[in-house]
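**Student:** Model the following, please.
(2 chains)
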Amino acid sequence: MRKQKNLGEFEMLVLAALVRLGADAYGVTIRREIEERTGRTVSVGALYSTLARLEEKNYVASRVGEATAERGGRAKRFYDINAEGKAQLERSVTALGAMLKGVSPWPEILRRLAVL
Amino acid sequence: MAGDFKTPRRSLAPPQLARALIVVMASAPDRAALIGDMEEEFARQSQQSPHEARAWYWRQTAISAPYLALKRLGSEETRRLGIALAATLGAFLMIHYWDIFIARGAARGFAAVTQAQTYFLARTVYLLVQMAGVAVAGGAIAALIFRDEDSFARNTLRRLVPAGVILFAPTFFAMVSPADNYDLSFRLMQLGLALPSLITGARIAMWFLGRHR
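**Tutor:** I've put the predicted structure just below:
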C-alpha cells in the first residue's frame, strides 16, 4: 500500500483555499481567502513555502499568468489543486473530524442548538 | 494662478530596504511571483493609507523572513554555493600544500643540482611548479562547479574568477604588506600567472571530461 503523505494544518487551509478559488488562485487571492475566513495573518513567505511543498508532493500544479503594472510588471503564478490533492484533503479532513469527535465543543453546541 | 500649482504627489513605492531583503531571501523560482504579490497588495492598501501599506510591507517582510531563509537554505542554489565554497577551500589547501612540499622542494632541488649563483632561476622553477599546482586546482574547481548548460567563458567569469579572487587574496595582501619577504616583481608575476593557470587547468579538465562547449 502506498504511504500517504500527511497534511499539516496550514497545508489543509491552503488546499481548501485552492478549491474555493478555482482558476483565480494565486498568491494574493489565496492569502486573502485564508485571512478573511480564518482571521489569522498569513505571511507570503509561509504561503510560498507551503505551495512549493504541496507542489513537490504532487498535490498542486502551478502556471505562470499575466504580468500587470500594479505588480511592477511581474507575472502572477496561479495554482491548481489536482485530483490527488483533493483526495488527500478529504482524507485529512475526515481524519481530523474523527479525532475531534467527542473532543471538540462544537458537536455539543450544535446538539444544544438543535434541542432549543 | 499660484494656487493652481500643486506639488506632484510622489509615486508610492514599497520600502526599498524591505523589498531588497525579500529579493535576497526569496529563492529564484518564487521570487518574481512573490514580489509581484507584495507589490499588488501594497498598491491596493496604499490607496487607503500609505502609512499602513508601508507598515504592512515591513510586517510581511519580518514574518516571511524565517520561512524564506529556511527554504533558501534547502534550495538547489544554496547547495551549489556550498559545493563552490567547499571546492574553493579544498583548492586553497591544495595550492598551499603544493607550494610548501612540491614547488619549494623543486626549487631547492634545482638550486642544489645546478649550484645556481642567483635566486632568479630557482624562483622561476618554483613559480612554474607552483603554477602547475594552481592549474590542477583550477581543473578540480571546474570539474566540481562548472555548469554544463553554460559556455566555458560564462563559467569562467561567473565561477572560476570569483574562486581565483578568494584563492589569491592572501597573496595580494602579502604583496601590499611591508613584512613580505618576496620582492614586488615576484609577487606581481605570481598574481599575473595565477588566473591564466587556473583557466588553463579548467580548460584541460573540461576537455578531459568531455564537457567542453
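**Student:** mind listing what's buried in the helix or strand containing B:Leu167?
**Tutor:** Taking DSSP states H and E as the definition, B:Leu167 sits inside helix B:161-176. Residues B:163-164, B:167-168, B:174-175 are the ones in helix B:161-176 that count as buried (16 or more other Cβ atoms under 10 Å in any protein chain shown). Every residue, glycine included, has its C-beta placed from N, CA and C.
**Student:** what does stretch B:128-140 give?
**Tutor:** Using 16+ other Cβ under 10 Å as the test for burial, stretch B:128-140 gives B:129-140.
**Student:** and if you look at stretch A:61-71?
**Tutor:** A:62, A:71.
**Student:** now stretch A:42-57
**Tutor:** So, applying 16+ other Cβ under 10 Å, buried residues of stretch A:42-57: A:42-54.
**Student:** interface residues of chain B facing chain A?
**Tutor:** B:25-26, B:29-30, B:32-41, B:43-44, B:59-60, B:63-68, B:70-71 (Cβ under 8 Å from any Cβ of the partner chain).
**Student:** run the last query once more with 7 Å
**Tutor:** By the rule Cβ under 7 Å from any Cβ of the partner chain, the part of chain B lying against chain A is B:30, B:32-41, B:43, B:60, B:63-65, B:67-68, B:71.
**Student:** Please report the distance of the closest residue to chain A within chain B from B:Tyr97.
**Tutor:** Using Cβ to the nearest Cβ, B:Ser64 is the residue of chain B that sits closest to chain A, at 2.7 Å. Distance of B:Ser64 to B:Tyr97, computed by Cβ to Cβ, to the nearest Å: 45 Å.
**Student:** Please apply the same query to A:Gly45.
**Tutor:** From A:Gly45 to B:Tyr97 the distance is 44 Å (Cβ to Cβ).
**Student:** again, but for A:Tyr26
**Tutor:** On the measure of Cβ to Cβ, A:Tyr26 and B:Tyr97 end up 54 Å apart.
**Student:** remind me, longest helix of chain A?
**Tutor:** helix A:83-100 (DSSP state H).
**Student:** ok, now which ones touch residue 52?
**Tutor:** No chain was given, so I picked chain A. Applying Cβ atoms under 7 Å, 6 or more residues apart in numbering or on different chains, we find A:Ala52 in contact with B:30, B:71.
**Student:** Not quite, go with chain B.
**Tutor:** With Cβ under 7 Å, 6+ apart, B:Glu52 has these contacts: B:Gln45.
**Student:** same question, the one 10 residues further on
**Tutor:** Contacts for B:Ala62 were tallied using Cβ under 7 Å, 6+ apart; there are none.
**Student:** cool, B:Ser46 as well?
**Tutor:** B:12, B:53.
**Student:** what's the helix or strand for it?
**Tutor:** For B:Ser46, the host element (DSSP H and E) is helix B:28-48.
**Student:** Which positions within that helix qualify as buried?
**Tutor:** By neighbour count on 16+ other Cβ under 10 Å, the buried set for helix B:28-48 is B:29-43, B:45-46.
**Student:** and whichever helix or strand comes after it, what's its mean pLDDT?
**Tutor:** Note on helix B:28-48: by DSSP H and E, the next helix or strand toward the C-terminus is helix B:50-73. Helix B:50-73 shows a mean pLDDT of 90.
**Student:** The longest helix of chain A - contacts with which helices or strands?
**Tutor:** Helices and strands touching helix A:83-100, as assessed by 3 or more Cβ pairs under 7 Å, 6 or more residues apart in numbering or on different chains; DSSP states H and E, comprise helix A:9-21.
**Student:** Residue of chain A closest to chain B, please.
**Tutor:** Closest point on chain A to chain B, by Cβ to the nearest Cβ, is A:Gly45, at 2.7 Å.
**Student:** and that residue, that's in a strand?
**Tutor:** No: counting by DSSP: H, G, I helix; E, B strand; the rest coil, A:Gly45 is not part of a strand but helix.
**Student:** Taking the buried residues of stretch B:128-140 together, which two end up most distant?
**Tutor:** For those, the farthest-apart pair by Cβ to Cβ is B:Val129 and B:Ala140; their separation is 17.2 Å.
**Student:** Extract the C-alpha trace of stretch B:153-160 and format it as CSV.
**Tutor:** Below are the C-alpha coordinates for stretch B:153-160, written out as CSV (Å, rounded to 0.1, in the frame of the first residue of the first chain):
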residue,chain,number,x,y,z
ALA,B,153,33.6,31.7,-20.9
ARG,B,154,30.5,32.2,-18.8
ASN,B,155,31.6,29.5,-16.3
THR,B,156,35.0,31.2,-16.1
LEU,B,157,33.6,34.6,-15.5
ARG,B,158,30.9,33.6,-13.0
ARG,B,159,32.6,30.8,-11.1
LEU,B,160,36.3,30.4,-11.7
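**Student:** Can you give me the buried ones in that stretch?
**Tutor:** B:155-156, B:159-160.
**Student:** quick one: which of these sit in helices?
**Tutor:** Reading helices off the buried residues of stretch B:153-160 with DSSP H, I get B:Asn155.
**Student:** Could you export the buried residues of stretch B:153-160 as JSON lines, including distance to B:Arg104 and pLDDT?
**Tutor:** What follows is the buried residues of stretch B:153-160, written out as JSON lines (distance: Cβ to Cβ, whole Å; pLDDT from 0 to 100):
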{"residue": "B:Asn155", "distance to B:Arg104": "32", "pLDDT": "91"}
{"residue": "B:Thr156", "distance to B:Arg104": "29", "pLDDT": "93"}
{"residue": "B:Arg159", "distance to B:Arg104": "29", "pLDDT": "91"}
{"residue": "B:Leu160", "distance to B:Arg104": "26", "pLDDT": "92"}
